[in-house]
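Visitor: coordinates only, sequence not included:
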């Protein structure tokens, strides 16, 4: 028996990557929609209800509409938009958070695939907030840099076919109203009492990202050093295939101390680092915004839902 899979939004960045990653799977039947009918409601309705697994790679409004088109109780939906990430009736698709989270995903029919920034943020901070190391009312700040592919087709076009080369050579801060769309899930999943102050940057390279969270020891509930926090996080994720907590060093030893955002590209892996010493501590997460931050995570969740090897078809 082959599971039937439909990607609604197959022309978008995440949809294209999901189809690419599924193309060699012999256990799946990929349902395709005629490009001319990709916005036709009735055609989409038919395919969504025929599928065992439906990936929604759509804007929020279109994702909400797509969910209403599914009229059976069999089709399982994995949504890559922000529409349902804080919805309590949907499972948040980050299985590494806990055994309970993985089981919730396995038994759910509605999975919200996390945002790329939120994936790095939540995986770095969740073990510390949920084990009373970082207080829930800590004034968390987060800084992140990502390649332009995270902005979707329009931003990719802007960078790859530029009309103003000079403007795009500089890394660019954005979301300066401090209302980035990933903030609600970052706060909810980590259990923070207040929204973190989040400053993302887009740079002139395609994919790969770093998420950085600075901590000050004197404000922690448990006065742990950077090395002790590293040991704690290492133990927390020790059994996770896609998570690698990198060896502890007070400073980054490679590349003359310069930290490259692209080392996890084309994988579903996330690397976690802890730098610093006693008073000042820095958590870093490195991942592929199109891998563990999007399409890879979506397929990992699908594998869990279907009771398959979690790493099937992804690295």
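Guide: Alright, I've got the coordinates. Predicted, not measured: the structure shown is a model, and the values here were computed from it. Numbers count the residues shown, from 1 in each chain.
Visitor: in the stretch 151-300 of the chain, which ranges drop under the pLDDT threshold?
Guide: Applying pLDDT under 70 to the stretch 151-300 of the chain flags residues 164.
Visitor: helices along that one, start to end?
Guide: Taking DSSP state H, counting those that start in this stretch as the criterion, the stretch 151-300 of the chain carries its helices at 152-160, 165-169, 183-190, 226-236, 296-305.
Visitor: in TSV, list these along with mean neighbour count.
Guide: From N, CA and C alone the C-beta is placed, and that goes for glycine too. Output for these, formatted as TSV (neighbours: other C-beta atoms under 10 Å):
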stretch	mean neighbour count
helix 152-160	13
helix 165-169	11
helix 183-190	21
helix 226-236	19
helix 296-305	26
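Visitor: go through those and name the closest to residue 124.
Guide: Closest to residue 124 of those is helix 226-236 (C-beta to C-beta; 7.8 Å).
Visitor: quick one, what contacts the closest residue to residue 213 other than its chain neighbours?
Guide: Computed as C-beta to C-beta, 6 or more residues apart in numbering, the closest residue to residue 213 that is not its neighbour in sequence is residue 283, at 4.3 Å. Residues counted as contacts of residue 283 (C-beta atoms under 8 Å, 6 or more residues apart in numbering) are 124-125, 212-215, 229, 272-274.
Visitor: if we can go back for a sec, quick one, which of the helices of the stretch 151-300 of the chain gets closest to residue 85.
Guide: Closest to residue 85 of those, according to C-beta to C-beta: helix 183-190, at 4.2 Å.
Visitor: any idea how far the closest one is from the chain center?
Guide: 12 Å (C-alpha atoms, centre = their mean, to the nearest Å).
Visitor: still on that earlier bit, from residue 227, how far off is the residue nearest to residue 213?
Guide: Note on residue 283: its distance to residue 227, by C-beta to C-beta, to the nearest Å, is 13 Å.
Visitor: same question for residue 183.
Guide: 30 Å.
Visitor: same check, this time on residue 158
Guide: 43 Å.
Visitor: can you tell me the closest non-neighbouring residue to residue 69?
Guide: residue 45 (4.4 Å).
Visitor: so the one you found touches residue 67, yeah?
Guide: No - in this structure, residue 45 is not within contact of residue 67 by C-beta atoms under 8 Å, at 11.5 Å.
Visitor: show me what contacts residue 116?
Guide: Applying C-beta under 8 Å, 6+ apart, we find residue 116 in contact with 146, 150, 182, 209, 287, 289, 292-294.
Visitor: got it, and residue 186?
Guide: Contacts for residue 186 (C-beta under 8 Å, 6+ apart) come out as 117-118, 121-122, 142, 192, 195-196, 198.
Visitor: mind redoing it with 7 Å?
Guide: Going by C-beta atoms under 7 Å, 6 or more residues apart in numbering, residue 186 touches 118, 121-122, 196, 198.
Visitor: just the buried members of those residues?
Guide: 118, 121-122, 196, 198 (16 or more other C-beta atoms under 10 Å).
Visitor: check these and tell me the two furthest apart.
Guide: Within those, two members stand farthest from each other by C-beta to C-beta: 122 and 198, at 12.3 Å.
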